[in-house]
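Peer 1: Just the structure for this:
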Amino acid sequence: MKNFTFLLFAAVVLLGCRGTQTETYREPARPDGQADMLGYAADPIPVLRVGFIGVGMRGIGAVQRFTYIDGVEIKAICDMEQYNLDRAQKVLADRGREPATEYIGDSESWKELCRRDDLDLIYICTDWVTHTPMAVYSMEQGKHVAVEVPAATTIEECWQLVNTSERTRRHCMMLENCCYDFFELATLNMAQQGVFGEVVHVEGAYIHDLRELNFNDRLSANSSYQPGQGEVQKLPGLSGYYDYWRKRYNEEHSGNAYPTHGLGPVCQILDIHRGDRMEYLVSVSTDQFGMTEYARERFGADSPEYRQEYRMGDMNTTLIRTAKGKTIMIQHDVTSPRPYSRLHVVSGTKGFAQKYPATQIAIEPNAHYPLGRDEMDAMLAEYEFPFVTDIKELARSVGGHGGMDFIMDYRLVYCLQNGLPLDQDVYDAAEWSCLVPLTEESVLGGGKPVPVPDFTRGGWQKIQGYRHAYAN
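Peer 2: Numbering: from 1, shown residues only. Take a look at the predicted model:
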């Protein structure tokens, strides 16, 4: 009888997730005067004027990449450290660009940059918890926004991004660079052309050993630097996170804190909010072992780092079911000594592809036997998007994770300059980021099913298929 009662309860929970969403996750009504941003294109901006907030680990690379894109003016840069501003100015000078106006001083200096009337785009590369406040404020100042991943860390923040973008008619694109890697783009095109048949299951991950970075602090590493010392030199210990912000997140949270690198590309393949939508998820985590073990070996058993409690489990695995009966598996592990992997698996009724640990493509009628290297390379070349063919050599030369960062920036600028819908919209930013709080809720609830909000408010079938996005 007890087993029957438990099964009945579980069935009720699951049915509640698959049907109408619970009151906790019911989509708020769209405020009067707002319209959706599905397929939205703003007026063309032939010369794009850009301001960067955060020019440290990620931001300095973005500044450099933008100097290779025509029709771009880098007008302003903001950071908490003078060292980073000096590095960015040197990048501009080395590329023959005019110096940018600097903003530094306190944690509110970025607002002054956003209030400038000579900027079209704000590019945000700061710590996670500042992404949404900065993005919302930037849009309210009439600027388009590009914001690093994840764009939000709470459901409330996801709705803030959606509502502000709809109200202001400003784009908000999350900078999910992995959508622009060469293999991911090719498999997206293959899926669009029906090579895999009906895609029924996909997988993605972020598996990356970040233990050393988590215990390094950029603030303390740069504390000996003083403005006016002459040529900027690379100081020791620069690899790390400002004021240990990422380590603190591991101390305070569970679930999947960084889902979008694996999730973004496979959501595009499944046409999420372009004909399908994520309905609910279940998420489980291992206990935490890696951070504590690393802290003991590096700092000793008597150290505060070792005694600190870390809530983030080593491996998190999340399963998502879509409205059309497809499934997504997403994993997160940044504390284990294992090779980097984003997984990227595409499984359909006619074929299969994966990128990690080995790149493989298998197609019916011989799907039991992966294609040979030459045949696979020929297929990837056949399904390369034309815009990738046009810029791939420049992208590889400029760099940024093998060139995908440059392709991302190039496409962002191209779409804004030509008045086209962006490849990723604000609903992508909200949908992919919402796994941060939803996986934590599921983990803390013992792997309970948690419904995924529909940030389009019922518009997820308005656009059928993702194939339009890269056609321009």
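
Peer 1: end-to-end on stretch 103-118?
Peer 2: One end of stretch 103-118 sits 15 Å from the other (CA to CA, to the nearest Å).

Peer 1: Contacts for that stretch, please.
Peer 2: Residues from elsewhere that reach stretch 103-118, judged by CB atoms under 8 Å, 6 or more residues apart in numbering: 49, 51, 53, 75-82, 85, 101, 119, 122, 134, 137-138, 141, 143. C-betas here are computed from N, CA, C, even on glycine.

Peer 1: Can you get me the centre-to-centre distance for that stretch and its chain?
Peer 2: 24 Å (CA atoms, centre = their mean, to the nearest Å).

Peer 1: all strands in the stretch 101-250 of the chain, in order from the N-terminus.
Peer 2: 101-103, 121-124, 144-147, 172-174, 199-207 (DSSP state E, counting those that start in this stretch).

Peer 1: The longest one - contacts with which helices or strands?
Peer 2: The contact analysis (3 or more CB pairs under 8 Å, 6 or more residues apart in numbering; DSSP states H and E) places strand 199-207 against helix 260-269, strand 327-333, strand 345-348.

Peer 1: that older thread, now, which of the contacts of stretch 103-118 lie within helices?
Peer 2: Secondary structure from DSSP state H places 82, 85, 134, 137-138 of the contacts of stretch 103-118 in helices.

Peer 1: returning to what we had before: may I see the strands of the stretch 101-250 of the chain arranged in JSON lines, with mean pLDDT, distance to Q417 and mean neighbour count as well?
Peer 2: As requested, the strands of the stretch 101-250 of the chain are exported to JSON lines (pLDDT from 0 to 100; distance: least, CB to CB, whole Å; neighbours: other CB atoms under 10 Å):
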{"stretch": "strand 101-103", "mean pLDDT": "98", "distance to Q417": "22", "mean neighbour count": "18"}
{"stretch": "strand 121-124", "mean pLDDT": "98", "distance to Q417": "11", "mean neighbour count": "27"}
{"stretch": "strand 144-147", "mean pLDDT": "98", "distance to Q417": "12", "mean neighbour count": "27"}
{"stretch": "strand 172-174", "mean pLDDT": "98", "distance to Q417": "14", "mean neighbour count": "28"}
{"stretch": "strand 199-207", "mean pLDDT": "98", "distance to Q417": "30", "mean neighbour count": "23"}
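
Peer 1: Present the ones you listed as CSV; the columns should include distance to F66.
Peer 2: Below are these laid out as CSV (distance: least, CB to CB, whole Å):
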stretch, distance to F66
strand 101-103, 16
strand 121-124, 8
strand 144-147, 11
strand 172-174, 15
strand 199-207, 25
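
Peer 1: Out of the helices and strands packed on strand 199-207, which is closest to L185?
Peer 2: Closest of these to L185 is helix 260-269, at 8.3 Å (criterion: CB to CB).

Peer 1: which residues are contacting the closest one?
Peer 2: 149-150, 174, 176-179, 181, 184, 187-188, 191, 199, 202-206, 278, 328, 330-331, 342-346, 424, 428, 431-433, 435, 466, 469.

Peer 1: quick check: angle from it to strand 199-207?
Peer 2: Helix 260-269 and strand 199-207 are oriented at 160 degrees to each other (axes from the mean of the first three to the mean of the last three CA atoms, to 10 degrees).

Peer 1: for the stretch 1-150 of the chain, which spans come out with low pLDDT?
Peer 2: 1-25 (pLDDT under 70).

Peer 1: could you redo the last one with a cut-off of 50?
Peer 2: Under the criterion pLDDT under 50, the flagged ranges of the stretch 1-150 of the chain are 1-24.

Peer 1: Please report the distance of Q308 from F215.
Peer 2: According to CB to CB, to the nearest Å, Q308 and F215 sit 10 Å apart.

Peer 1: Repeat that for F406.
Peer 2: Distance from F406 to F215, by CB to CB: 30 Å.

Peer 1: What separation do you get for the nearest residue to C178 once chain neighbours are set aside and I330?
Peer 2: Nearest non-adjacent residue to C178, counting by CB to CB, 6 or more residues apart in numbering: H261, 4.5 Å away. In this view, H261 and I330 are 10 Å apart by CB to CB.

Peer 1: Count the neighbours of the residue nearest to G290 when sequence neighbours are not counted for me.
Peer 2: Leaving aside its chain neighbours, G290 sits nearest to T335 (3.1 Å; criterion: CB to CB, 6+ apart). Other residues near T335 number 25, with proximity taken as other CB atoms under 10 Å.

Peer 1: circling back: who has more neighbours out of H261 and I330?
Peer 2: I330 (28 against 25).

Peer 1: what about the residue nearest to the more buried one when sequence neighbours are not counted, which SS state?
Peer 2: By the measure of CB to CB, 6+ apart, the closest residue to I330 outside its immediate chain neighbours is T318, 4.6 Å from it. Taking DSSP: H, G, I helix; E, B strand; the rest coil as the rule, one finds T318 in the strand state.

Peer 1: Most neighbours among the ones in helices among the contacts of stretch 103-118, which one is it?
Peer 2: That'd be S138 among the ones in helices among the contacts of stretch 103-118, by other CB under 10 Å, with 30 neighbours.

Peer 1: what about that residue, distance to S433?
Peer 2: Counting by CB to CB, the gap from S138 to S433 is 17 Å.

Peer 1: same check, this time on R311
Peer 2: 19 Å.

Peer 1: ok, these two, which is more surrounded?
Peer 2: Counted by other CB under 10 Å, R311 and S433 do not tie: S433 has more neighbours, with 30 against 17.

Peer 1: residues touching the more buried one, list them.
Peer 2: S433 touches 149-153, 157-158, 174, 259-260, counting by CB under 8 Å, 6+ apart.

Peer 1: what do you get if the cut-off is 7 Å, keeping everything else the same?
Peer 2: By CB atoms under 7 Å, 6 or more residues apart in numbering, the residues touching S433 are 150-152, 158, 174, 260.

Peer 1: Report the two of these separated the most.
Peer 2: Maximum distance among those (CB to CB): 12.3 Å, for C158 and T260.
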